[in-house]
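J.: task: produce atomic coordinates for the following.
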Amino acid sequence: MDYSLIYSVPGVHKVQTTLNQLTSYIPPPPPLDYGTLRKILIVHAHPDPIHSFSAAIANQVEDSAKQMGHEVRRISLYSGTVNDTKNGYSPKFTKEEHRLQHEWGEDLDKRSLAKEVKEHLRLLLWCDTLIFVYPTWWMNTPAAVKGFLDRTLVHDIAWSLPKPQPDGSLGSTGLVPKLTNITQIVGVSTYGAPQSIVTLAGDNGRRMIANAIRPIMAPAASVGWMGLYGMDTTTHEQRTTFLHHVGEMIKKL
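T.: Model prediction:
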């Protein structure tokens, strides 16, 4: 693949990155370190983590990434598994966890967090590419994805509040990113509605990941997205073609 234009013309890569960060509907540019082996974390959410088409997508992502030599870890939220080892996972964000979230401290080992939360945080701090695979329901993520984000994006580990200025005011209204090791986010989702309706309705899961979650990643982190729309009326051939396109996208990371 020839990326010479994006690499050679000053400012082109930065402009495309900025546009992608404004809206994920503008494709991200190829990474500046294109061809480098990645540390990929797949977060998969579907009630049937083995036989569903969503599982087939997650398998395609994992298989394609491994074919390219990338290092891959996979979290299956509904089965409570990390790389198929059952640990149990609940998306419920409890009162006690809410209190513990507001503890101060960047040392994960010293924080009073649940075992699975620490495990997920270590994976987030390990990866440079984060891939979400889930079905969109009611124009949003499944509850398990929201619960994963609520429980795992812990203060002082994943993000921090800006430091107060001498006059007591905040110098910035934005969060201080801590997951700066993550330079790429990818979302792959299925939708029951056609793309026109999904776009008009806002595609809230996509917006949350692209606009609320991405800013706590690396400053130049980009977001790529693929959707299979009108899922309930697709043919076997269309689903097979989509899986092929997913595999090709992963090979271009």
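
J.: now the closest residue in space to Met231 that isn't next to it in sequence: how far from Asp232?
T.: With Cβ to Cβ, 6 or more residues apart in numbering as the criterion, Met231 has its nearest non-adjacent residue at 4.4 Å, and that residue is Thr190. Every C-beta, even on glycine, is put in place using the N, C-alpha and C of the backbone. Using Cβ to Cβ, to the nearest Å, Thr190 is found at 9 Å from Asp232.

J.: the more surrounded of those two?
T.: With neighbours defined as other Cβ atoms under 10 Å, Thr190 and Asp232 compare such that Thr190 has more, 24 against 8.

J.: check the secondary structure at the more buried one for me.
T.: strand (DSSP: H, G, I helix; E, B strand; the rest coil).

J.: in this structure it contacts Gly230, no?
T.: No - with contact defined as Cβ atoms under 8 Å, Thr190 does not reach Gly230; the gap is 9.4 Å.

J.: what touches both of these two?
T.: Counting by Cβ atoms under 8 Å, 6 or more residues apart in numbering, Thr190 and Gly230 have no common neighbour.

J.: any regions of this structure where pLDDT drops low?
T.: Applying pLDDT under 70 to the chain flags residues 1-10, 80-88, 165-173.

J.: which residue ranges of it form helices?
T.: Counting by DSSP state H, residue ranges of the helices within the chain are 4-8, 12-22, 53-67, 95-101, 115-126, 143-152, 195-201, 204-207, 236-251.

J.: list the buried residues in the second one.
T.: To tie it back to what came earlier, the one meant is helix 12-22. 13, 16-17, 20-21 (16 or more other Cβ atoms under 10 Å).

J.: again with the fifth one
T.: Buried positions in helix 115-126, judged by neighbour count with 16+ other Cβ under 10 Å: 116-121, 123-125.

J.: same check on the shortest one?
T.: Counting neighbours by 16+ other Cβ under 10 Å, one finds that the buried residues in helix 204-207 are 205-206.

J.: also the third one?
T.: When neighbours are counted by 16+ other Cβ under 10 Å, the buried residues of helix 53-67 are found to be 53-62, 64-65.

J.: before we move on, back to that, out of the helices of the chain, which is closest to Ala218?
T.: Across the helices of the chain, Ala218 has its closest neighbour in helix 12-22 (10.6 Å, Cβ to Cβ).

J.: hang on, Ile40 packs against His70?
T.: Yes - look at Ile40 against His70 with Cβ under 8 Å: they come within range, at 5.2 Å.

J.: what about those two, which has more around it?
T.: Ile40 (24 against 19).

J.: so the more buried one bridges to which residues?
T.: According to DSSP bridges, the partner residues bridging Ile40 are Val72, Thr129.

J.: and the gap between it and Arg206?
T.: Distance, Ile40 to Arg206, using Cβ to Cβ: 19 Å.

J.: equivalent analysis for Arg214, please.
T.: Here Arg214 is placed at a distance of 11 Å from Arg206 (Cβ to Cβ).

J.: same question for Ala212.
T.: Here the criterion is Cβ to Cβ. By it, Ala212 lies 11 Å from Arg206.

J.: again with His120
T.: On the measure of Cβ to Cβ, His120 and Arg206 end up 21 Å apart.

J.: re the thing from before, mutual contacts of Ile40 and His70, please.
T.: 129, 253.
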